[in-house]
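Visitor: 3D model of this:
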Amino acid sequence: MSKFTEALERGKQADGRQSAPAKEQIAPVDFGAQARAWLNDVAVAALEAAKAEVAEDVTVDVDTEPLRQDEALAPTVRFQIYRNAEVQAPAGRTFTISVAVSGEVSVSAPGVVAESVGNIADMSDERFRSFIAKQIEAAAKGS
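Guide: Okay, the predicted model is just below:
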C-alpha cells in the first residue's frame, strides 16, 4: 500500500511541475487595449498619412474621441472624406471603424455595407489603405 501512496504523490508532484509553466506563459489579453492599439497604429496613422498626401484636393477629418474612451470595450474611430470645394457644407459620408469581439475590423457608413479591412491580430494596414484610397477617389470624383 505504501508503494501506491508514493506513486500517487510522485504523480501529483510531476503534474504540478508540468502545469506550472503553462500557467505562467498564458497572459490575459486586454481586448480593448489591443483594439485601441490597432486603431491608433494602423487606422489613425493611415488616415493621417492620407490626409497629408491629398490635402490639396480632398479633406480627411478624423474623430478619435470615441477611441480615447478607456472604458469602451470595442473602441471606434470616425472619419469623413470630402472634396475641398464642399468645405462649407461637407456632403461626404461619415465612416465608422469598429472592432468586433472576434478581432475583425470593419468600416461602415450609413447606406453602405460594412467592409472588412483587417484584424487586430495582424498589424498590416494594406486592406485599410486600399479602402481609404477607394473612398478618396470617390470623393475626388464627387460621388
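
Visitor: This protein: strands as residue ranges?
Guide: 58-63, 76-83, 94-99, 104-109, 112-119 (DSSP state E).

Visitor: could those strands go into JSON lines alongside mean pLDDT and mean neighbour count?
Guide: Where C-beta positions appear, they are placed from N, C-alpha and C, glycine not excepted. What follows is those, written out as JSON lines (pLDDT from 0 to 100; neighbours: other CB atoms under 10 Å):
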{"stretch": "strand 58-63", "mean pLDDT": "88", "mean neighbour count": "18"}
{"stretch": "strand 76-83", "mean pLDDT": "89", "mean neighbour count": "20"}
{"stretch": "strand 94-99", "mean pLDDT": "91", "mean neighbour count": "20"}
{"stretch": "strand 104-109", "mean pLDDT": "93", "mean neighbour count": "18"}
{"stretch": "strand 112-119", "mean pLDDT": "90", "mean neighbour count": "15"}
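
Visitor: R10: neighbour count?
Guide: The burial count assigned to R10 is 10, neighbours taken as other CB atoms under 10 Å.

Visitor: re earlier: kindly reformat the strands of the chain as a markdown table and extend each row with distance to L8.
Guide: Formatted as a markdown table, the strands of the chain follow (distance: least, CB to CB, whole Å):
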| stretch | distance to L8 |
| --- | --- |
| strand 58-63 | 63 |
| strand 76-83 | 55 |
| strand 94-99 | 48 |
| strand 104-109 | 48 |
| strand 112-119 | 46 |
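
Visitor: How about the closest residue to N84 other than its chain neighbours: which residues does it bridge to?
Guide: Leaving aside its sequence neighbours, N84 sits nearest to T59 (CB to CB, 6 or more residues apart in numbering; 5.7 Å). Here T59 sits in beta bridges with Y82, as judged by DSSP bridges.

Visitor: measure T59 to Q80 for me?
Guide: Counting by CB to CB, to the nearest Å, the gap between T59 and Q80 amounts to 8 Å.

Visitor: do A49 as well
Guide: Remark: distance between A49 and Q80 (CB to CB) = 16 Å.
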